[in-house]
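S.K.: here is a sequence together with a model predicted from it:
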Amino acid sequence: MPARSLEEKIRETGSPVTMMRTSPVGAYVYPVPAEFSNWRDEQKAWRETAVLFDQSVHMTDVYFEGPDVVRLLSETGVNSFTNFTPGKAKQFVPVSHDGHVVGDAILFHLTQNRVNVVGRPPVANWLEFRARTGGYDVTVERDERSVANPRPRRTYRYQLQGPNAIRILERLNGGPLPDIRFFNMGEIAIAGRKVRALKHGMAGEPGLEFWGPSEEGPEIRAAVLEAGAEFGLRPSGFRAYATSVLEAGWIPSPMPAIYSGEAMKPYREWLPADGFEAMASLGGSFYSKNVEDYYLTPWDLGYGHVVKFDHDFIGREALEKMAGEPHRTKVTLVWNSEDVVRIFASLFGEGEPAKYLELPAAHYATLPYDRVSVGGKTAGISTYSGYNANERAWLSLAMIDERHSKPGTEVTLTWGEEGGGSPRPVVERHVQMEVRATVAPCPYSPVAREAYRV
């Protein structure tokens, strides 16, 4: 009889690491066209003119409503909810009982006692489990991402970003925009329709995220593209979109810290054997048989500032113990160009090649984990990597020991997997190669680092 839950699947495969290292699933799916022009110009657009991202199909939306909504969020997340009122949004970070991150998502406080959770599935799933089993007076409505949903989505969701984004939005709005602060919502007009908007964006450039009923999506998109034509607006396909995190510094998929521990066992028994957590793949040169070595803390991901001990929440005691300890620091790694060229050169001639670097985003697993070392000793983990046409460099996001995190520090990244690669069908036979890399700030984009959160 096939496994019915994540817990059963782990038992059948022997360990969560084995389960994920052998999963046939590749990178996270963005079911939009690969390119509308070419990914190089689409990358440059968010830095030089403006870009339109379509986020209508790849994220899970779950709506929680009821008198216990804020209590559910407060008792599940590390964030403070003291001033979380309708019209505000928040990057929500829940942790396990041992203080390791389950994931992150964006909370939209739509109306009194009604919240929309938007992001990859782990946070929505964990919140739904808590809502249904924790005695909360809350209803749950799911709107699955398109790859798991035979029905049309309830809403469209677009992001317009870049130095010309505000001028385009003002033209659409018929005048100056309302003063919307970072992670606050407001209302603008597009094509004669009222549209809800959030100040937030994937590339860390000026602009807004906006959404509405899905049936209005094509009309809104057409109006935005028409208004933006003279300002150099380009729509982005999934190839460029997948690399936007490299400038903004957001790590999309930390491993959910749910695969071990008795406290999480009821949740693993609740999760299906064919859901995101059970199908997620693990790839890269960082190896451990212990799944907990892949877990991350809020500080690893740059979320230490959102941890607030002004309320009781799952994992609080563990985080209080961690708070005063040394932490890894989130950084950007700039790969040595000569070593990157050496990887591509290995595709030609004799001998086993290196693991292929997919352009522009080298993501071949749901959870990418590559080893970063200094003097032959592990110093941290590199995750998402790709080519950035704005910098003409190969970049990756990484979490490394604090003592090695100063910009300019030289580290070594191991690219490729042990033993010639895993049995996963997306992994060809290859040899590992060492890549020199230089530590740089995160976010890498100066705008995202210095002017984004205003």
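M.R.: Here it is on my side, so go on.

S.K.: drop to CA atoms for contacts and neighbour counts, all remaining ones
M.R.: Will do.

S.K.: show the average pLDDT along stretch 28-46.
M.R.: What stretch 28-46 shows for mean pLDDT is 95.

S.K.: scratch that, stretch 342-361
M.R.: 96.

S.K.: and it, how far out from the chain middle?
M.R.: 27 Å (CA atoms, centre = their mean, to the nearest Å).

S.K.: quick thing: my sequence starts at 386, can you match it?
M.R.: Yes, from this point I'll number from 386; that puts the last item at stretch 727-746.

S.K.: can you list the residues that contact it?
M.R.: When contacts are defined by CA atoms under 8 Å, 6 or more residues apart in numbering, stretch 727-746 is touched by residues 424, 624-625, 627-628, 747, 769-773, 800-802, 812-818.

S.K.: can you give me the end-to-end span of it?
M.R.: 18 Å (CA to CA, to the nearest Å).

S.K.: can you check stretch 530-550 too?
M.R.: 27 Å.

S.K.: touching it from outside, list them.
M.R.: With CA under 8 Å, 6+ apart, stretch 530-550 has contacts from 414, 416, 430-446, 528-529, 586-602, 616.

S.K.: show me how to select, in ChimeraX, the buried members of those residues.
M.R.: Selecting only the buried entries of the contacts of stretch 530-550 in ChimeraX, with 16 or more other CA atoms under 10 Å as the criterion:
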select :414,416,430,431,432,433,434,435,436,437,438,439,440,441,442,443,444,445,446,528,529,586,587,588,589,590,591,592,593,594,595,596,597,599,602,616
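
S.K.: if we can go back for a sec, now, the contacts of stretch 727-746 that are in helices?
M.R.: 424, 624, 625 (DSSP state H).

S.K.: from the residues you listed, which is closest to residue 395?
M.R.: Closest approach to residue 395 among the ones in helices among the contacts of stretch 727-746 (CA to CA): residue 624, at 32.6 Å.

S.K.: surely the closest one meets residue 417?
M.R.: No. At 9.4 Å, residue 624 does not count as touching residue 417 under the criterion of CA atoms under 8 Å.

S.K.: what comes into contact with stretch 563-574?
M.R.: Stretch 563-574 has contacts (CA under 8 Å, 6+ apart) with 472-475, 557-559, 562, 579-585, 837-839.

S.K.: out of those, which are buried?
M.R.: 472-475, 557-558, 562, 580-585, 837.

S.K.: most widely separated two among the residues you listed?
M.R.: Spanning the widest gap among the buried ones among the contacts of stretch 563-574 are 475 and 557, at 26.5 Å by CA to CA.

S.K.: so for residue 535, what's the pLDDT?
M.R.: For residue 535, the model assigns a pLDDT of 84.

S.K.: typo on my end, it should be residue 837
M.R.: For residue 837, the model assigns a pLDDT of 56.

S.K.: out of residue 624 and residue 417, name the residue with the larger neighbour count.
M.R.: The neighbour comparison of residue 624 against residue 417 (other CA atoms under 10 Å) goes to residue 624, with 22 against 18.

S.K.: got the buried residues for stretch 790-810?
M.R.: In stretch 790-810, counting by 16+ other CA under 10 Å, buried: 790, 795-802, 805-807, 809.

S.K.: now it, how far from the centre of its chain.
M.R.: 20 Å.

S.K.: which residues touch it?
M.R.: By CA under 8 Å, 6+ apart, stretch 790-810 touches 406-410, 668-670, 714, 716, 739-740, 755-759, 767, 812-826.

S.K.: can you give me the end-to-end distance of that stretch?
M.R.: For stretch 790-810, the end-to-end distance is 35 Å (CA to CA).

S.K.: could you do stretch 482-502 as well?
M.R.: Stretch 482-502 stretches 21 Å from its first residue to its last (CA to CA).

S.K.: next, name the residue at the spatial heart of the chain.
M.R.: residue 637 (1.6 Å; CA atoms, centre = their mean).

S.K.: residues touching it, list them.
M.R.: Here residue 637 is in contact with residue 630 (criterion: CA under 8 Å, 6+ apart).

S.K.: same thing but at 6 Å, please
M.R.: Counting by CA atoms under 6 Å, 6 or more residues apart in numbering, residue 637 touches no other residue.

S.K.: what pLDDT is listed against it?
M.R.: 92.

S.K.: and it, how far from residue 752?
M.R.: For residue 637 relative to residue 752 (CA to CA), the value is 9 Å.

S.K.: okay, the longest strand anywhere in the chain in CSV with CA atoms only?
M.R.: The longest strand of the chain (DSSP state E) is strand 762-773. Output of strand 762-773 as CSV, limited to C-alpha atoms (Å, rounded to 0.1, in the frame of the first residue of the first chain):
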residue,chain,number,x,y,z
LYS,A,762,36.6,23.7,6.7
THR,A,763,32.9,24.2,6.2
ALA,A,764,32.0,27.8,6.8
GLY,A,765,28.5,27.9,5.6
ILE,A,766,25.9,27.1,2.9
SER,A,767,25.3,28.7,-0.5
THR,A,768,21.8,28.4,-1.9
TYR,A,769,20.3,30.2,-5.0
SER,A,770,22.8,31.0,-7.7
GLY,A,771,22.7,32.6,-11.2
TYR,A,772,24.0,35.0,-13.7
ASN,A,773,23.2,38.7,-13.3
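
S.K.: strands of the stretch 386-535 of the chain, start to end?
M.R.: Here the stretch 386-535 of the chain has its strands, by DSSP state E, counting those that start in this stretch, at 435-439, 445-450, 474-477, 490-496, 499-504, 524-528.

S.K.: just how off-centre is the shortest one within its chain?
M.R.: Centroid separation for strand 474-477 versus its chain: 13 Å, with CA atoms, centre = their mean.

S.K.: just the mean pLDDT for that strand, thanks.
M.R.: The pLDDT scores in strand 474-477 average 96.

S.K.: can you give the strand pairings for that strand, parallel or anti for each?
M.R.: strand 490-496 (antiparallel) (DSSP bridges).
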